[in-house]
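Asker: pasted the sequence and its predicted model underneath.
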Amino acid sequence: MDIGRLITIALLFLFAVPVQSQVTSAVIEYERRTNVYKLYKDVDRMQGMMDYIKKNKIMKETFTLYFNDSISVFKAKESPEGMAAWLTQRNVTIQDFTLNKRTQVLDLWGNQVFLRDTLKEREWKITYDKRMIAGYECRKVIWMLNDSTKIYAWYSDELAVSGGPETFNGLPGTILGVATEDGGVVYFAKNVEIIEADPIAELPKIKEKDVKTQAEISSEIISRFGKDNNGAAIVERMFAW
Amino acid sequence: MNTLLIIETHLMRNLIAILILTVTLVGSGFSQEMTLKGNLVDTTNNVPVQSAVIMVIRLSDSVLLNYSRPDKNGAFNMVMPMDTVEVIISNKGNDDKSIFYFPSPKNLTLDLPDLSLPHESDELAEIMIVAYKEPIYFRGDTLVYVADSFAVKQNAVVEDLLKKLPGITVDGEGKISSQGREVNKILVDGDEFFGDDPTIATKNLGADGVESVQVYEADDENAEAGSDEKIQVMDLKLKEGAKKGYFGRASGASDFGLTNALSETGTNDFKPFYEGEMLFNKFSGKKKFSFFALGSNTPRSGFNWAEANKFGLTNEYSGNRYSGMGGGQVQLQGVPRTFKSGLYFSDQISKKIKMKFDYTYNNNDLTTTKDETSQYFLADTTYYTDDQSTKLEEFESHLVNLDFDIKVDSLSTLRVRPRFKYNKSKALGFSQTSFRSADLDTTSLTNINDENTQNNYEAGVRTAFNKKFKKKKRHLTVNYNFKLTDYASDLTLKTNSDYFLTPSLNDSIDQRQTQALTTTSHQGQIYYTEPLNEKFLLGIDYLTNYSDNKQNKITNNSIGGEYIDFDDSLSNDFSTQRFLNRGGLKLTYKKSKVTTTIGAQFRNIQINNVAVNGASIKQSFNDVLPNASMMLKFSNSKRIRVMYSTSAMQPSITQLQPVPDNSDPNRISIGNLNLEPNYTHRINGFFNTWKALTGFYAWSQFNYSITNNDFSTSTTFDSLGRTISQAVNVDGNQNGNFLFSTGLPIKKVVKITPTVNLNYNKFSSYINTSLNTTQTSTANGSLKMEYTSKSDSLNFSLGGSYGYSSPKSTLSFGNNQPFITQTIFGTFEVELPFKLSFETDATYTINAQRADGYNLNFLIINAELSRRFLKTENLVVSLVGNDILNQNIIANRTIQGNTITDNRTSIISRYFLLKVMLKFNNRRAKEEDPRGHW
């Protein structure tokens, strides 16, 4: 073993000593995997696309979360091409933790809808289970979407900002994984880059005159699609995340 | 003036508190807010921890209510609506720490100063429960109770405190169990306190000096190195305040000769009853000094005076290692007078040496009057004997223990423990035995008068060298023990036997027997463990023991009052040398929750027995002793363990010695030079689970052993019913036991504890050369209900037990009759106005299906009324009544071989005492004690 390697190892040890500083800014890349077959197999209006869906059951997309200790921006890295673009929704979500404000650009079948409301509050059930995601130890928590549907999330308190993908927040650390109980939709961090992120630079263009609250958008959709038909289901799905 | 002001502010504060409480109670019950605060420190670097997260989780549905990160000083503070919560503290590099908090309107702030986090390890996470004023928690494997959290009555001693701790029970004899499992050893601040008599600590130390009670499992120090034996240890940690300065108590009680204690068979010369005790402790820095003295002539002497090793001759190094543990009050037979006193001193002499010294002096008298009826079953006949005996015993002992704990270097320790003991005893006995035929006619009568004095010396030293290595789990232990004993006894025996049917056999003895027994033994042991990898651990063990025992017995018959006629047949010079070598290997496999060990030892023992009267026997035995164990540890408070082991024991010198013991001329016993070591297979196991949140526990254990070559007797009866018995080996003796007990709490104030205990015993012996096997099965069940009010102002319990015994014997002709013992018991304690308190307990015992005159039912009621005086309430005057209905008797039945024996012993029954007790300490006022690291 030469001296150079020895020094490298020694230096590695030196830096490996846990530094007790908290991460308050980072760029995280998430992969979303949607089982579109599971999602649409019973939906009438999608039956025409079933051949395509059966061939591409799992759809993979990449999203990026830019955050510092006051604001986070979550958006898709790129848009899929062709038919696939219609199968999933790619919203942009801005969470302002200091003002308790959420701004979203919703992707409604190609139309942009602007929403501004308070941050979503969820009741998180804490568990003792832990797993590693992207090199961080995460604790598993549960959110009851409704009486029968569980959503799992994993967060790491090594990342001190209480944000996460989509509209998720409210945990003592950053959420690095989210999954529905049946695994139909999962988000997992692939890469966590500890840098001075600049979420402001990533803000999308907002048409301030078109901004509505979540209640306004919900009632608009329901009045357009009918409460009993698809309206309620669309709203439920849209705001689940 | 100042004091007045303080009283005023106190009054004001209390008034405000009451006001707030009333307003909030009238308003809304759940509008109250609770506060969680504290600060986190890293104990290794002593710096605040900032990176951690403190989460507050509602216990009912696990929902996260709030979370916080500590500031730069490690401090945190959260206010939220009152709720029962779990607080999880999570930090990278540490294990989670859980704190369960049950707030109440009186207790709305959880203050956690200097909180440290458990180090990341494969150990289980740390859990703390703040269900009371302060928490119960697990620190690693150690269960910790914070003593102040549990309300005990004024002037309570440690035993009263222990009774209040969830999961801990103290039975009527003072035996302590944690989570159903017996506590084998009690330490005070990590040290043994006056040897291994736990009652000196539990019955005398004041509960208010104790900061915390810690319970953990430890290796059994008295077992050989490398043994898997684990014992449960309780450590009473004293408050810092109690460690600086002095504290103690003194009490005296007497009936001034006014109460008459004449019991049914007892004697009474109207001496006044008295009890007195004194305990003094002084601590300064690392120096600890204690003194105690106890004196009484009542059975409530506060300690187990009837020590197991009272009359020596119990054999070398073996012996029941659990005897004397958890002692407490043994049901005392006879009328005692006891005095016991001791000194204890410990100090850290230098950085490396810790020294302990204790000295105990014991002086007891005991007068026993016994009435015994036995029925003997022989193949062709049955007959009875009646024994009446009176025995006066005096016993005096001095015991010195020294303990040097030397830190040789950071990895090695050397412990040297010298011990000296001297005891002296004198016993006077008068007894009369009458033999009766099957038709109850008296056939013979024997009177025995004997006087025996003994002088015994014991000296020994135990040294242990322990070395750890840089490699984790590599470990070396080297032990050397040396023991020297010298016992001398001098017996004068006078007997007279009359045979009414055959007067020609009438006989008398008048002789003097002197006996000297010396033993020297050396034992060395090396035990080394080497971790083979993460999961496998190898243990290598070698033990060698050499012992030399000499027994010299001289018997002289009386000629004209002078003991000069040497009796050849009853004299002997006997010696036995034993040389034992044993080597063994053990493999331990540990993976997460399961630990498995398997091992075997090979043993050779060479024995040389020489009797001067010509007989000489050389023996050599080789044995293979396998062992195995498995433990499943689901969590800190839930585990299963199963263990198999084998052992072989040598007979005692009395069992070998070939000269008859004629101290009872009707029942002569004689040793056997050909006796071989026995061999025992033993399997045992336990299961326990405890839920600290509710207080529920269940404990179950089983033991089974089978012994071949076991030591038994061969008894021959002559035509007159006289017996000669000789020690022999027998095969297939068995012992089995199963115990299940559980504690079912209801709403924190009521606890129900059912217990089931099953026993099976099979024992063989020879009667007139034919094999007789006795099998005894017993089943005992008990149920107890206890109520404890939250403030401890009212406690009561009620319970009952039912025991069924069924003896069966191959040579039996009528003694296979089962018998039943039942008890009903209750206790009641209440705090009354005017600083008065009252307590009483009652036990009703029903004996059924025994010999006539032994089917006795009796009710024993004890009561005590006390009043506290002084501002500190440290002076207590009480009136104590013992066995108020004057019904106490001891009646029991034993079955052995072809014999059923029922006996009754005189004991002290009714007496009353006026008792004065004063507690003292160097703190004038009650001060708030600083809290340590959590």
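Answerer: All right, it came through fine.

Asker: tell me where chain A has helices.
Answerer: Secondary structure of chain A (DSSP state H): helices at A:3-16, A:36-40, A:50-55, A:214-225, A:232-240.

Asker: ok, of the ones you listed, where does mean pLDDT dip lowest?
Answerer: With a mean of 53, helix A:3-16 has the lowest mean pLDDT of these.

Asker: packing partners for the helix or strand where B:S669 lies?
Answerer: In this structure, B:S669 sits in strand B:667-670 according to DSSP states H and E. If you count contacts as 3 or more C-beta pairs under 8 Å, 6 or more residues apart in numbering or on different chains; DSSP states H and E, strand B:667-670 packs onto strand B:723-730. No exception for glycine: its C-beta is placed from N, CA and C like everyone else's.

Asker: avg pLDDT for the strand it packs on?
Answerer: The average pLDDT for strand B:723-730 rounds to 91.

Asker: distance from the chain centre to whichever helix or strand comes after it, please.
Answerer: On the C-terminal side of strand B:723-730, the closest following helix or strand by DSSP H and E is strand B:733-746. Distance, stretch centre to chain centre, for strand B:733-746: 18 Å (C-alpha atoms, centre = their mean, to the nearest Å).

Asker: so what strands line up beside strand B:733-746?
Answerer: If you go by DSSP bridges, strand B:733-746 pairs up with strand B:696-708 (antiparallel), strand B:750-767 (antiparallel).

Asker: and these as JSON lines, adding mean pLDDT and mean neighbour count?
Answerer: Below are those laid out as JSON lines (pLDDT from 0 to 100; neighbours: other C-beta atoms under 10 Å in any protein chain shown):
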{"stretch": "strand B:696-708", "mean pLDDT": "88", "mean neighbour count": "18"}
{"stretch": "strand B:750-767", "mean pLDDT": "89", "mean neighbour count": "17"}
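
Asker: of all those strands, which lies closest to B:G721?
Answerer: Proximity to B:G721, assessed across the strands paired with strand B:733-746 by C-beta to C-beta, is greatest for strand B:750-767 (12.7 Å).

Asker: and the first helix or strand past that closest one going along the chain, what does it pack onto?
Answerer: Moving toward the C-terminus from strand B:750-767, the next helix or strand (DSSP H and E) is strand B:770-788. Counting contacts by 3+ C-beta pairs under 8 Å, 6+ apart, strand B:770-788 packs against strand B:750-767, strand B:794-809, strand B:890-896.

Asker: got a pLDDT number for the residue in the stretch 501-650 of chain B positioned nearest to chain A?
Answerer: Chain A sits closest to B:S635 of the stretch 501-650 of chain B, with a gap of 11.5 Å, by C-beta to the nearest C-beta. pLDDT recorded at B:S635 is 71.

Asker: what's the local residue count around it?
Answerer: The number of residues packed around B:S635, counting by other C-beta atoms under 10 Å in any protein chain shown, is 13.

Asker: mind listing what's buried along stretch A:146-166?
Answerer: Burial within stretch A:146-166, assessed by neighbour count using 16 or more other C-beta atoms under 10 Å in any protein chain shown, is assigned to A:151-166.

Asker: does it reach chain B?
Answerer: Yes: using C-beta under 8 Å from any C-beta of the partner chain, stretch A:146-166 reaches chain B at A:D157, A:E158, A:A160.

Asker: the stretch 1-150 of chain B: helices as residue ranges?
Answerer: B:2-26 (DSSP state H, counting those that start in this stretch).

Asker: contact residues of it facing chain A?
Answerer: B:49-53, B:55, B:57, B:61-64, B:67, B:69, B:88, B:90-93, B:96, B:125.

Asker: so which of the residues you listed sit within strands?
Answerer: Per DSSP state E, strands hold the following members of these: B:V53, B:M55, B:I57, B:L64, B:Y67, B:I88, B:S90.

Asker: wait, which of the residues you listed is closest to A:T34?
Answerer: Lowest distance from A:T34 to these (C-beta to C-beta) belongs to B:L64, with 27.6 Å.

Asker: the closest one: what's it in contact with?
Answerer: By C-beta atoms under 8 Å, 6 or more residues apart in numbering or on different chains, the contact list for B:L64 reads A:E123, A:W124, A:K125, A:I126, A:V141, A:G170, A:L171, A:P172, B:M55, B:V56, B:I57.

Asker: change it to 7 Å
Answerer: Each residue near B:L64 by C-beta atoms under 7 Å, 6 or more residues apart in numbering or on different chains is listed here: A:W124, A:I126, B:M55, B:I57.

Asker: what about the last one, neighbour count?
Answerer: Burial measure for B:I57: 23 neighbouring residues, criterion other C-beta under 10 Å.

Asker: so who does it touch?
Answerer: When contacts are counted by C-beta under 7 Å, 6+ apart, B:I57 touches A:I126, B:V63, B:L64, B:L65, B:V85, B:E86, B:I88.

Asker: any idea how far the first one is from B:L59?
Answerer: Read that as A:I126. Using C-beta to C-beta, to the nearest Å, A:I126 is found at 11 Å from B:L59.

Asker: okay, the two: which has more neighbours?
Answerer: Neighbour count, other C-beta under 10 Å: between A:I126 and B:L59, A:I126 has more, with 23 against 14.

Asker: beta-bridge partners for that one, please?
Answerer: Counting by DSSP bridges, A:I126 forms beta bridges with A:V141.

Asker: hmm, it is touching B:L65, no?
Answerer: No: using C-beta atoms under 7 Å, A:I126 is not in contact with B:L65; the gap is 9.9 Å.

Asker: list phi and psi for the residue sitting nearest the centre point of chain A.
Answerer: For chain A, A:P165 is the residue whose C-alpha lies nearest the centre (C-alpha atoms, centre = their mean; 2.2 Å). Main-chain torsions, A:P165, degrees, to the nearest 10: phi -70, psi 160.

Asker: show me the contacts for it.
Answerer: When contacts are counted by C-beta under 7 Å, 6+ apart, A:P165 touches A:Y30, A:F63, A:L65, A:F74, A:I175, A:V178, A:Y187.

Asker: burial count for the first one?
Answerer: For A:Y30, the number of neighbouring residues by other C-beta under 10 Å comes to 27.

Asker: check the fifth one too.
Answerer: A:I175 has 28 neighbours, counted by other C-beta under 10 Å.
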